[in-house]
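# structure, please.
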Amino acid sequence: MDKRRWTVLPTRFLWLFGRWCLVASAVLLQTAIAAENRCTEIAKLKLADAKVVAAQHHSAGRFTPAVGAAFDVAQAYCLVEVVARPTPSSEIQIEVWLPEAAKWNGRFWGLGNGSFAGQIAHRGLGLRVGAGYAVVATDTGHQADPSDSQWALRQPEKVADYGHRAIHLAAVHGKAVTEAYFGRKPDRSYFSAYSNGGRQALMLAQRYPDDYDGIIAGAPANELTNLYSGLAQFQAHLLVNPAAHLSAAQLANLSAAVLKACDHLDGVSDGVIENPLRCNFDPDVLACNAESSANCLSPAQISGVRRLYEGLHLTPDQAAVGGLSYGSEDRWHAFLYGDKPGSAEFYAPVLGFFRHMVQDDNGWDLKQFELDREGQKAQRKLAVVLDAADPDIGRFVARGGKLILWHGWNDVVVQSSFAVAYHAKVLRSLGPAVATRTVRLFMAPGVEHGIGGPGPDRFGQHSSADGDPERSLGAALRRWVEQGVAPDRVIAVRHRVPTDPTTEVIRSRPLCAWPKFAVYRGQGSTDAAENFNCAE
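Below is the predicted model of the structure:
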């Protein structure tokens with residue numbers, strides 16, 4: 001055996017390996033430099049009524065936003081900042097995050113805003129760019145905490161930016177930036193958001209049907225003026241009728257009574273009402289009498305409870321809108337009643353809405369609210385720019401658009417009845433045949449605003465369009481748009497630690513395309529989705 005040969009081979013291998021590493025490093029360095037250069041070049045892009053103010057390449061790793069906690073981004077990206085000024089009063093901040101060319105999946109994703117907006121959804125940008133999407137978000141034209149509406153005082157153009165204009169311009173400019181960076185247009189475009197973001201989603205389908213191919217509108221506050229009018233009416237009612245206020249103990253008693261009456265209607269008693277519309281609870285069963293407990297309800301209190309279940313009558317001859325669902329009572333204390341009149345979580349945003357958007361008066365008092373005065377004024381002044389109530393989405397579906405609506409039955413922030421009512425109007429507008437091919441509504445039993453509550457509350461409603469389309473609304477939308485497979489059910493799960501999706505799944509349940517809902521087959525575990533059928 002030639003010992004010199006065995007001595008030379010490892011040396012040669014190490015030399016070749018070292019050369020390969022140098023070449024690979026050089027290629028990676030050149031790729032990184034090219035990506036950085038491409039990103040920097042975007043700063044020269046010309047946009048109508050808008051300007052690119054910054055374009056910077058970021059490596060994968062920690063991102064620390066100006067507001068909120070730091071988070072990790074899974075891959076390198078180009079962060080492009082745009083300011084749009086469609087009117088002299090406008091100052092719309094837009095951010096577009098772009099993955100490196102080799103990692104782009106060819107798709108564009110738009111994000112929405114909660115409450116009064118005012119901030120860019122950086123975490124959502126990071127999650128989606130990490131999954132390979134070009135993604136856009138906007139502050140809708142003002143910088144403020146989402147609970148603050150002071151920016152809207154005597155600023156009608158900023159209100160219009162917030163209402164609909166900013167999300168449209170974010171799509172327009174975001175796609176222009178994406179095309180300039182990658183050298184081609186996105187293959188498909190998606191938008192998803194909930195709450196006020198769900199309202200934005202429906203605005204896009206109704207007003208700007210060319211912006212997105214697939215839209216997810218969760219817990220949509222689409223009748224925003226009616227939503228705030230109903231909340232204002234109830235808060236004003238408590239202020240002038242403090243005897244109508246309920247304590248936390250009384251509300252707990254009410255919640256228990258509702259569950260006792262309606263929990264079993266789907267064949268399972270599990271603390272979740274599957275279809276609250278089948279519940280016929282009467283709050284009079286809690287009326288005080290000589291033998292009642294301390295947590296019984298007075299006539300004034302029962303009247304207030306009925307108001308919440310029934311909803312808002314804008315005029316005597318108009319059907320009520322915005323009634324709360326049976327099963328949602330656990331959250332009434334925090335959001336609607338508080339420890340005393342004027343202390344509920346809804347009080348400040350409702351007051352702000354009417355002060356800053358309706359009355360243009362920073363000193364206006366909620367005690368002054370009258371439905372036939374302030375409520376009607378809100379409708380006349382703001383519905384045209386804030387409400388996304390038009391059921392005619394014919395232009396959106398004509399070009400192949402697909403819309404998924406979803407809502408938690410136990411939602412108190414945005415009443416679930418808004419989604420059910422809007423879906424019914426869309427069916428009538430499009431006709432059942434067209435609507436079946438283009439629109440789905442999923443109602444989530446026991447789920448509160450966006451997430452949380454006693455029901456299975458995770459079904460991919462906040463994720464990107466990756467993963468299992470049988471278990472993720474985002475993935476179901478993408479499959480529907482790109483493969484033509486309409487979703488008729490999606491599996492929702494509940495984790496042992498509800499706030500930690502890495503913990504064990506302890507319950508699964510199908511969410512059925514409305515008007516169907518899950519019904520237990522009568523055999524097998526009631527915590528397993530496979531033991532339920534979708535039925536009307």
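
# host element of residue 508?
strand 505-512 (DSSP states H and E).

# how far off centre is that strand?
Relative to its parent chain, strand 505-512 has a centroid offset of 20 Å by Cα atoms, centre = their mean, to the nearest Å.

# neighbouring contacts of that strand?
Strand 505-512 has contacts (Cβ atoms under 8 Å, 6 or more residues apart in numbering) with 270, 406, 442-445, 455-456, 459, 488-496, 518, 527-529, 532, 534-535. (C-beta placed from N, C-alpha, C; glycine too.)

# burial measure for residue 282, as a count.
11 (other Cβ atoms under 10 Å).

# need the residue closest to the centroid of this structure.
residue 194 (1.3 Å; Cα atoms, centre = their mean).

# so what's the backbone phi/psi at that residue?
phi -140, psi 170 (degrees, to the nearest 10).

# quick one on the thing from earlier: which ones among the contacts of strand 505-512 are found in helices?
Using DSSP state H, the subset of the contacts of strand 505-512 located in helices is empty.

# put the buried members of the residues you listed into a ChimeraX selection.
The following ChimeraX line selects those of the contacts of strand 505-512 that are buried, judged by 16 or more other Cβ atoms under 10 Å:
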select :270,406,442,443,444,445,455,456,459,489,490,491,492,493,494,495,518,527,529,532
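
# contact partners for residue 296?
Residues in contact with residue 296 (Cβ under 8 Å, 6+ apart) are 250, 253, 286, 287, 288, 289.

# can you tell me how far it sits from residue 237?
Residue 296 sits 20 Å away from residue 237, going by Cβ to Cβ, to the nearest Å.

# may I see the ChimeraX selection of the buried members of the contacts of residue 296?
Command for ChimeraX that selects the buried part of those, burial taken from 16+ other Cβ under 10 Å:
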select :250,253,286
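
# which stretches in the stretch 301-450 of the chain count as helices?
Shown for the stretch 301-450 of the chain, the helices assigned by DSSP state H, counting those that start in this stretch span residues 332, 347-353, 376-386, 394-398, 417-430, 432-438.

# touching the fourth one from outside, list them.
Applying Cβ under 8 Å, 6+ apart, the external contacts of helix 394-398 come out as 205, 206, 209, 215, 403, 429, 430, 434, 437, 438, 439.

# hmm, 6 Å instead?
Contacts to helix 394-398, defined as Cβ atoms under 6 Å, 6 or more residues apart in numbering, come from residues 205, 209, 438.

# any chance of the residues you listed in CSV, plus pLDDT and distance to residue 130?
What follows is those, written out as CSV (pLDDT from 0 to 100; distance: Cβ to Cβ, whole Å):
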residue, pLDDT, distance to residue 130
205, 98, 27
209, 98, 29
438, 97, 30
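
# which of the residues you listed are buried, as a PyMOL select command?
To isolate the buried ones among those in PyMOL, judged by 16+ other Cβ under 10 Å, type:
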select buried, resi 205+209+438
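
# wait, which of the contacts of helix 394-398 is closest to residue 46?
residue 209 (26.1 Å; Cβ to Cβ).

# contacting residues for that closest one?
Applying Cβ under 6 Å, 6+ apart, the residues contacting residue 209 are 395, 396.

# again with residue 356
By Cβ under 6 Å, 6+ apart, residue 356 lies in contact with 149, 150, 152, 153.

# what about residue 411, distance to residue 134?
31 Å.

# residue 299 too?
Separation of residue 299 from residue 134 (Cβ to Cβ): 58 Å.

# which of these two has more residues huddled nearby?
Applying other Cβ under 10 Å to residue 299 and residue 134 shows that residue 134 carries more neighbours, namely 29 against 12.

# backbone phi and psi for the closest residue to that one other than its chain neighbours, please?
Among residues not flanking residue 134 along the chain, residue 178 sits closest, at 4.4 Å (Cβ to Cβ, 6 or more residues apart in numbering). Dihedral pair for residue 178: phi -60, psi -40, per degrees, to the nearest 10.

# which residues touch residue 178?
Applying Cβ under 6 Å, 6+ apart, the residues contacting residue 178 are 108, 134, 186.

# same question for residue 360.
Per Cβ under 6 Å, 6+ apart, neighbours of residue 360: residue 154.

# any idea how far the closest residue to residue 482 other than its chain neighbours lies from residue 385?
Closest residue to residue 482 apart from its sequence neighbours, by Cβ to Cβ, 6+ apart: residue 188 at 6.4 Å. Distance from residue 188 to residue 385, counting by Cβ to Cβ: 29 Å.
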